[in-house]
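S.K.: return atomic coordinates for the entry below.
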Amino acid sequence: MTLVDVTIPQPADRRAGELTGVLGAPDGSGPFTPLVVVHEAFGIDDAMRDHLERLTSMGYLVLMPNLYSRGGARRCLVATFRALRSGSGPAFDDIEAARRTLLERDDTTDAVGVLGFCMGGGFALLLAGADGYGAASVNYGMLPRDLDDTLDGACPVVGSFGGRDLSLRGAAERLESALAARGIDHDVVEYPEAGHAFLNAIPNGTRLTRVAMGPLLRLGHRPVEAEDAWRRIDAFFLRHLSVAT
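M.R.: Numbers count the residues shown, from 1 in each chain. As a prediction, this is how the structure comes out:
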């Protein structure tokens, strides 16, 4: 099991600048279930690499595109959130490039999942309603304004939220209701004692940022809830992504 920094191929008509990312491949020859993993607002840091290592150890072949490849978080953050809110933009092109890269490998199956955290969870939910994914894992991701339209024809969704996260108050219930109304297979849980980013065993962002955002997000690792969420994600992906070879 190894994580390696990679350059992700892009279509010839894409804008200048390399798209980088982190690839994780399990030991063995496969075939492995491929996952596109979308990072939090802080970018690819130790917390995100820890998640990639966990997913790789679970047997998934994972690729996390760096949505800040062409300028870093300071320059790209606003544009990336703009893409998230509008449902289109370069960030979606970068994620699609990662998906194509996974499918072009000889050691992956042809059912791709998408998983995201925080900002990445918002992307994962939007991508659930697009073609190309067999299942989506939404971890404390914001819901789009047009949730109903987004979920029309969506793939199965597993979602995990923290009940103490005031920034996403009511999100789990809204998502659960919308998925149920459309007959989309789903598993959405709100953990009452967890806050935002409860899956992160390694704190991310600066200490000042964590203190400033604390009252709203109630940040902090919740080991018991995190283990249950990972168990649910794995079971959900096994159910929906292991049928293709």
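S.K.: now do the helices in the chain.
M.R.: 46-57, 72-86, 90-103, 119-128, 147-151, 171-181, 207-217, 223-241 (DSSP state H).
S.K.: next, the buried residues of the first one.
M.R.: Right, the one you point to is helix 46-57. 47-52, 54-56 (16 or more other C-beta atoms under 10 Å). C-beta coordinates here come from the backbone N, C-alpha and C atoms, glycine included.
S.K.: and these as JSON lines, adding distance to residue 97?
M.R.: Shown next, in JSON lines, are the buried residues of helix 46-57 (distance: C-beta to C-beta, whole Å):
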{"residue": "47", "distance to residue 97": "23"}
{"residue": "48", "distance to residue 97": "18"}
{"residue": "49", "distance to residue 97": "20"}
{"residue": "50", "distance to residue 97": "24"}
{"residue": "51", "distance to residue 97": "20"}
{"residue": "52", "distance to residue 97": "18"}
{"residue": "54", "distance to residue 97": "24"}
{"residue": "55", "distance to residue 97": "19"}
{"residue": "56", "distance to residue 97": "20"}
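S.K.: which among the helices of the chain is found nearest to residue 190?
M.R.: Residue 190 lies closest to helix 171-181 among the helices of the chain, at 3.7 Å (C-beta to C-beta).
S.K.: residue 27: neighbouring residues, count only.
M.R.: Residues lying near residue 27 (other C-beta atoms under 10 Å) number 9.
S.K.: over to residue 224?
M.R.: Neighbourhood size, residue 224 [other C-beta under 10 Å]: 11.
S.K.: from residue 11, how far out is it?
M.R.: 44 Å (C-beta to C-beta, to the nearest Å).
S.K.: please apply the same query to residue 200.
M.R.: Using C-beta to C-beta, one gets 33 Å for the distance from residue 200 to residue 11.
S.K.: those two - which one has more neighbours?
M.R.: residue 200 (25 against 9).
S.K.: could you check how far the more buried one is from residue 242?
M.R.: Computed as C-beta to C-beta, the residue 200 to residue 242 distance reads 27 Å.
S.K.: lowest-scoring secondary structure element of this structure by mean pLDDT?
M.R.: When each helix and strand of the chain is scored by mean pLDDT, DSSP states H and E, helix 72-86 comes last, with a mean of 66.
S.K.: tell me the pLDDT at residue 131?
M.R.: Listed pLDDT for residue 131 reads 87.
S.K.: neighbours of it, how many?
M.R.: 7.
S.K.: how about residue 221?
M.R.: By other C-beta under 10 Å, 16 other residues sit near residue 221.
S.K.: swap in residue 40?
M.R.: 24.
S.K.: got a list of what it touches?
M.R.: By C-beta atoms under 8 Å, 6 or more residues apart in numbering, the contact set of residue 40 is 47-48, 117-120, 197, 204.
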